[in-house]
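K.L.:
Okay, predicted coordinates and the sequence, questions at the end:
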Amino acid sequence: MLKCIIQKSQFISPSTQLLITRQNSMFRGSFDRDSVISKDAAVMNILYLNASHGPESLVGCGARTFLDNLKTEHKIREVNLWKDSLVSYRLEHAISKMKILNKKGTEEDKKLFDPVLREAELINCVDLVLISTPMWNYSIPYTLKQYIDVIVQPGINFSDEPAPAGAAGKPVLVISSAGGTYPRGGPIQDFLNPYLQQIFALMGFTQFRNIFIQNTMKVSKQESLKWTNDQAIYHANEISNNFNTKTR
Ligand SMILES: Cc1cc2nc3c(=O)[nH]c(=O)nc-3n(C[C@H](O)[C@H](O)[C@H](O)COP(=O)(O)O)c2cc1C
């Protein structure tokens, strides 16, 4: 049976977020760029990271229902993680990154790393990250990890400075599916949701929401789809209301 309870949002506390960002200051340096990306505050900018197996997959359907039920003006940038060409992050990028952070980067290093930083900057004008992904081997598919490894960059979208007092964390909604079940505290762990919660909190998306569709091997598609759509509508209403209240 599917769980009928709505999985409410979970907030990462400012002290935990500070701990996460401080731990990530392992490079002891950050990129220093003047970048101003302007955006209309009344329009919700959505980054949709789509790793679903196809249009009929439960996570893809859930994402569509969510977007169709938003009650706020919004713009969607969809990245199809299976079809779009992503920055192909190689060892050379990692070497150039460390050189730049240690103030030893050459013009060649900066040129190689520039597309990475441009991609990383885009997340700063995003109001909501929506992710649709199946579970692969207890975690996320490699293509989603590749995207994350490109965009997470110190000084661009995170720093070890505490967030300004009263700064509201932005939402990330993860719609994921798994053939098995992963009860909290059980012997087999879900590494997908905790990982995405932690990595997006690092970049200021501290309001974690998830729709975790479990047991797809045993539960009928119809039942799973109904549950998914109910959850998607619930989160669309809440996220729209929160955004409209904030921008009114
Ligand atoms: C390569 C691969 C790895 C998978 N690994 C897991 C896994 O570790 N645990 C699990 O419960 N399901 C696993 N699955 C099952 C997927 O999560 C399954 O395809 C999904 O529940 C189908 O949902 P969808 O309708 O959203 O595509 C895996 C599937 C594939 C193709």
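P.N.:
Structure's in. What do you need? What you see is a predicted model, and the numbers here were worked out from it, not measured in a lab.
K.L.:
CA only for contacts and neighbour counts going forward, please
P.N.:
Noted.
K.L.:
residues contacting Gly60?
P.N.:
Counting by CA atoms under 8 Å, 6 or more residues apart in numbering, Gly60 touches 50, 52-54, 132.
K.L.:
one more time with 6 Å, if that's ok
P.N.:
Applying CA atoms under 6 Å, 6 or more residues apart in numbering to Gly60 gives the contacts Ser52.
K.L.:
Doesn't it lie inside a helix?
P.N.:
Yes: assessed with DSSP: H, G, I helix; E, B strand; the rest coil, Gly60 lies in a helix.
K.L.:
looking at this structure, which helix or strand is least sure?
P.N.:
Ranked by mean pLDDT, DSSP states H and E, the weakest helix or strand in the chain is helix 14-23, scoring a mean of 66.
K.L.:
can you map out the helices along the protein?
P.N.:
14-23, 58-68, 91-101, 107-122, 142-151, 192-202, 221-247 (DSSP state H).
K.L.:
Tell me which of the ones you listed sits nearest to the ligand.
P.N.:
Closest of the helices of the chain to the ligand is helix 58-68, at 3.8 Å (criterion: CA to the nearest ligand atom).
K.L.:
Now the closest one: buried residues?
P.N.:
58-63, 65-67 (16 or more other CA atoms under 10 Å).
K.L.:
Stretch 108-117 too?
P.N.:
109-110, 113, 116-117.
K.L.:
Near the ligand, which residues of this structure are found?
P.N.:
Within the chain, the positions adjacent to the ligand are 53, 57-59, 134-138, 177-180, 216 by CA under 6 Å from any ligand atom.
K.L.:
Stretch 232-242: how far from the chain's middle?
P.N.:
In terms of CA atoms, centre = their mean, to the nearest Å, the centre of stretch 232-242 is found 17 Å from the chain centre.
K.L.:
Right, I'll leave it there.
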